[in-house]
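Novice: next comes the sequence, and after it the predicted model I'd like to discuss.
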Amino acid sequence: MEKTIPTEEQKHWRTRLQNAGLADVTAAMIEAAGPLSILAAQGLYLAEPLLNGFSRNSSVAKLAEILEDREKSQQFADMLRKPVEK
(Lines give C-alpha, C1' and ligand atoms only; values in the text may rest on other atoms or scores of the structure.)
Protein backbone atom coordinates (compact mmCIF):
# COMPACT_ATOMS: atom_id res chain seq x y z
CA MET A 1 0.00 0.00 0.00
CA GLU A 2 1.40 3.36 -1.06
CA LYS A 3 1.75 5.97 1.69
CA THR A 4 -0.09 9.19 1.02
CA ILE A 5 -0.23 12.47 2.88
CA PRO A 6 -3.25 12.64 5.22
CA THR A 7 -5.98 15.00 4.08
CA GLU A 8 -7.29 17.82 6.25
CA GLU A 9 -10.51 15.84 6.73
CA GLN A 10 -8.60 12.80 7.95
CA LYS A 11 -6.66 15.00 10.37
CA HIS A 12 -9.89 16.65 11.52
CA TRP A 13 -11.59 13.31 12.24
CA ARG A 14 -8.46 11.87 13.87
CA THR A 15 -8.30 14.81 16.27
CA ARG A 16 -12.02 14.60 17.07
CA LEU A 17 -11.91 10.87 17.68
CA GLN A 18 -8.71 11.01 19.73
CA ASN A 19 -10.08 13.85 21.86
CA ALA A 20 -13.20 11.77 22.49
CA GLY A 21 -11.10 8.71 23.37
CA LEU A 22 -12.55 6.76 20.44
CA ALA A 23 -9.58 6.55 18.07
CA ASP A 24 -8.44 3.00 18.95
CA VAL A 25 -12.00 1.64 18.99
CA THR A 26 -12.77 3.28 15.65
CA ALA A 27 -9.54 1.97 14.08
CA ALA A 28 -10.36 -1.55 15.28
CA MET A 29 -13.89 -1.30 13.91
CA ILE A 30 -12.65 -0.07 10.52
CA GLU A 31 -10.14 -2.92 10.29
CA ALA A 32 -12.64 -5.54 11.45
CA ALA A 33 -15.35 -4.33 9.09
CA GLY A 34 -13.17 -4.75 6.02
CA PRO A 35 -15.40 -4.69 2.95
CA LEU A 36 -18.43 -3.93 5.11
CA SER A 37 -17.10 -0.44 5.73
CA ILE A 38 -18.87 0.49 2.49
CA LEU A 39 -22.15 -0.17 4.31
CA ALA A 40 -21.03 2.09 7.15
CA ALA A 41 -20.32 4.79 4.59
CA GLN A 42 -23.80 4.41 3.13
CA GLY A 43 -25.25 4.68 6.64
CA LEU A 44 -23.35 7.93 7.15
CA TYR A 45 -24.74 9.29 3.88
CA LEU A 46 -28.26 8.47 5.06
CA ALA A 47 -27.72 10.01 8.49
CA GLU A 48 -25.77 13.00 7.17
CA PRO A 49 -28.57 15.59 7.55
CA LEU A 50 -29.08 14.62 11.19
CA LEU A 51 -25.37 14.31 12.01
CA ASN A 52 -24.52 17.64 10.40
CA GLY A 53 -27.05 19.25 12.73
CA PHE A 54 -24.76 18.39 15.65
CA SER A 55 -21.63 19.76 14.04
CA ARG A 56 -20.70 23.18 12.69
CA ASN A 57 -18.43 21.45 10.19
CA SER A 58 -20.32 19.34 7.64
CA SER A 59 -17.58 16.75 7.25
CA VAL A 60 -19.74 13.62 7.60
CA ALA A 61 -19.76 13.10 3.82
CA LYS A 62 -15.95 13.33 3.77
CA LEU A 63 -15.74 10.62 6.44
CA ALA A 64 -18.09 8.47 4.34
CA GLU A 65 -15.81 8.98 1.33
CA ILE A 66 -12.86 7.73 3.38
CA LEU A 67 -14.78 4.61 4.42
CA GLU A 68 -15.87 3.83 0.85
CA ASP A 69 -12.29 3.38 -0.34
CA ARG A 70 -10.52 0.36 1.19
CA GLU A 71 -7.02 1.87 0.95
CA LYS A 72 -8.14 5.20 2.39
CA SER A 73 -9.99 3.52 5.23
CA GLN A 74 -6.94 1.39 6.10
CA GLN A 75 -4.70 4.46 5.99
CA PHE A 76 -7.18 6.28 8.23
CA ALA A 77 -7.22 3.38 10.72
CA ASP A 78 -3.40 3.42 10.80
CA MET A 79 -3.45 7.18 11.31
CA LEU A 80 -5.92 6.88 14.21
CA ARG A 81 -3.44 4.73 16.11
CA LYS A 82 -0.73 7.40 15.97
CA PRO A 83 -0.67 10.34 18.41
CA VAL A 84 -1.63 13.77 17.12
CA GLU A 85 1.48 15.77 16.23
CA LYS A 86 1.48 19.25 17.74
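Specialist: The structure has been received and is ready for your questions. Numbers count the residues shown, from 1 in each chain.

Novice: the residue nearest to the spatial centre of the chain: helix or strand, and which one exactly?
Specialist: By C-alpha atoms, centre = their mean, the chain has its centre lying nearest to residue 63, at 4.8 Å. Following DSSP states H and E, the helix or strand that holds residue 63 is helix 60-68.

Novice: check residue 43 too.
Specialist: Assigned by DSSP H and E, residue 43 falls within helix 37-52.

Novice: which other helices and strands does that helix contact?
Specialist: Judged by 3 or more C-beta pairs under 8 Å, 6 or more residues apart in numbering; DSSP states H and E, helix 37-52 is in contact with helix 23-33, helix 60-68. C-betas here are computed from N, CA, C, even on glycine.

Novice: let me have these in a markdown table, extended by mean pLDDT and distance to residue 45.
Specialist: Formatted as a markdown table, these follow (pLDDT from 0 to 100; distance: least, C-beta to C-beta, whole Å):
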| stretch | mean pLDDT | distance to residue 45 |
| --- | --- | --- |
| helix 23-33 | 92 | 16 |
| helix 60-68 | 88 | 5 |
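
Novice: quick one: closest of the ones you listed to residue 42.
Specialist: helix 60-68 (7.6 Å; C-beta to C-beta).

Novice: picking up where we left off before, tell me the contacts of the residue nearest to the centre of the chain?
Specialist: Going by C-beta atoms under 8 Å, 6 or more residues apart in numbering, residue 63 touches 9, 13, 44.

Novice: again, 10 Å this time
Specialist: Taking C-beta atoms under 10 Å, 6 or more residues apart in numbering as the criterion, residue 63 is in contact with 9-10, 12-13, 16-17, 40-41, 44, 48, 51, 73, 76.

Novice: again, but for residue 73
Specialist: 27, 30-31, 33-34, 37-38, 40-41, 63, 65-67.

Novice: same thing but at 6 Å, please
Specialist: Residues near residue 73 by C-beta atoms under 6 Å, 6 or more residues apart in numbering: 30, 37, 66-67.

Novice: distance of it from residue 47?
Specialist: From residue 73 across to residue 47, the span is 18 Å (C-beta to C-beta, to the nearest Å).

Novice: alright, I will stop here.
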